[in-house]
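> Give me a model of this one.
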Amino acid sequence: MSDLTDPTATADATDAKGKHTLEIKGLMVSVETEDGPKEILRGVDLTVNSGETHALMGPNGSGKSTLAYSVAGHPKYTVTGGTVTLDGEDVLAMSVDKRARAGLFLAMQYPVEVPGVSVSNFLRTAKTAIDGEAPKLRTWVKDVKAAMGNLRMDAAFAERNVNEGFSGGEKKRHEILQMQLLHPKIAILDETDSGLDVDALKVVSEGVNRVKSESDVGVLLITHYTRILRYIKPDFVHVFIEGKIVEEGGAELADRLEDEGYDRYATPASA
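Modelled structure (predicted):
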């Protein structure tokens, strides 16, 4: 970590305006199977800066979620090569909780249930863990109510157990609620559009755009459909095939994928 006693010591990738950078270089990841280790990520290079929206697009099974969970620190995945840094600090050397405190946020494709823990307690505990101190109760309650109102969530939602009996739309709204209240530096959204109807998709997308405008968070949006990109406009689009990025471009690349699909990236062996 930077020497806090030295006022000139700052992370190389962070400028005076508080900009932040997630940098992934040559990342290789495998997972253990019955037949031994299976390589999933095959040298991923990707940089996400504050205020940028990156769309990572690819077919199912291409390794997109593996990238998200590997950066977040899921123990199922073994990093076999490459580096991941946040503002110059080694993310791979951090425990999962330290990654969250450093400013990384993951909205999961399939959020887990936490029986016996209310949404309100979960959110305040998470905020306390990340900030190192509990938020002032009066201000916190006001912030939570405002954030829930923006996401069109009933106030009673706060007393329900985390994700227990939630619909797909409620789970995804809860993920964006966390994002808004925890103020991450970099947010990875893993198929946030999965299972959402049109109305819920609009509300969730509005939530992401609101957080971006308020906090200048960098966003890595993982999806294999283009419909969410109608509401969350990407600055960069990356095509992910068989564990690596095979093409990069602007928003126009997503439009081309809508028309042409992913078949043109298939290798003869996988076609």
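> Please, which helix or strand holds the spatially most central residue of the chain?
Nearest to the geometric centre of the chain sits Ile188, at 1.2 Å (C-alpha atoms, centre = their mean). Using DSSP states H and E, Ile188 sits within strand 186-190.
> What strands line up against that strand, and which way round?
Using DSSP bridges, strand 186-190 pairs in its sheet with strand 104-107 (parallel), strand 218-223 (parallel).
> quick one: low-confidence ranges for this protein?
Scanning the chain for pLDDT under 70 picks out 1-17, 267-271.
> Swap in 50 and give it another go.
1-17, 270-271 (pLDDT under 50).
> Which parts of it are helices?
Assigned helices in the chain, in chain order: 64-72, 96-102, 119-131, 137-150, 168-182, 198-215, 251-260 (criterion: DSSP state H).
> The second one: which residues count as buried?
Looking back up the chat, that one is helix 96-102. Arg99, Ala100, Ala102 (16 or more other C-beta atoms under 10 Å). The way it works is simple: take the backbone N, C-alpha and C, and place the C-beta from them, glycine included.
> still on that earlier bit, TSV for the strands paired with strand 186-190, including distance to Gly169 and mean neighbour count?
Shown next, in TSV, are the strands paired with strand 186-190 (distance: least, C-beta to C-beta, whole Å; neighbours: other C-beta atoms under 10 Å):
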stretch	distance to Gly169	mean neighbour count
strand 104-107	13	23
strand 218-223	16	25
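> tally of neighbours for Pro234?
Using other C-beta atoms under 10 Å, Pro234 is surrounded by 23 other residues.
> List the contacts of the residue lying closest to it once chain neighbours are set aside.
Of all residues not flanking Pro234 in the chain, Ala55 sits nearest, at 3.9 Å (C-beta to C-beta, 6 or more residues apart in numbering). Listed by C-beta atoms under 8 Å, 6 or more residues apart in numbering, the contact set of Ala55 reads Leu221, Ile222, Thr223, Leu229, Pro234, Phe236, Val237, His238, Ala254.
> Which of those sits closest to Val211?
Nearest to Val211 among the contacts of Ala55, counting by C-beta to C-beta, is Leu221 at 12.4 Å.
> how much space between the closest one and Lys212?
Distance of Leu221 to Lys212, computed by C-beta to C-beta, to the nearest Å: 11 Å.
> Name the residues contacting each of those two.
Counting by C-beta under 8 Å, 6+ apart, the shared contacts of Leu221 and Lys212 are Thr53.
> In TSV, list the strands paired with strand 186-190 along with distance to Leu92.
Compiled in TSV, these are given as follows (distance: least, C-beta to C-beta, whole Å):
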stretch	distance to Leu92
strand 104-107	12
strand 218-223	17
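> Quickly note the distance from Ala126 to Glu248.
Ala126 is 33 Å from Glu248, where distance means C-beta to C-beta.
> List the beta-bridge partners for the residue nearest to the centre of the chain.
Note on Ile188: beta-bridge partners Leu106, Leu220, judged by DSSP bridges.
> Was I right to think it contacts Tyr69?
No - contact between Ile188 and Tyr69 fails when scored by C-beta atoms under 8 Å: they sit 9.1 Å apart.
> Need the residues touching each of those two.
By C-beta under 8 Å, 6+ apart, Ile188 and Tyr69 have these common neighbours: Leu106.
> what about Ala146, distance to Gln109?
Shown here: Ala146 relative to Gln109, a distance of 27 Å by C-beta to C-beta.
> Tell me which of these two has more neighbours.
Gln109 (21 against 12).
> for the residue nearest to Asp255 when sequence neighbours are not counted, what are its contacts?
Spatial nearest neighbour of Asp255, excluding adjacent residues (C-beta to C-beta, 6+ apart): Thr226 at 7.3 Å. Taking C-beta under 8 Å, 6+ apart, we find Thr226 in contact with Met57, Ala254, Asp255, Leu257, Glu258.
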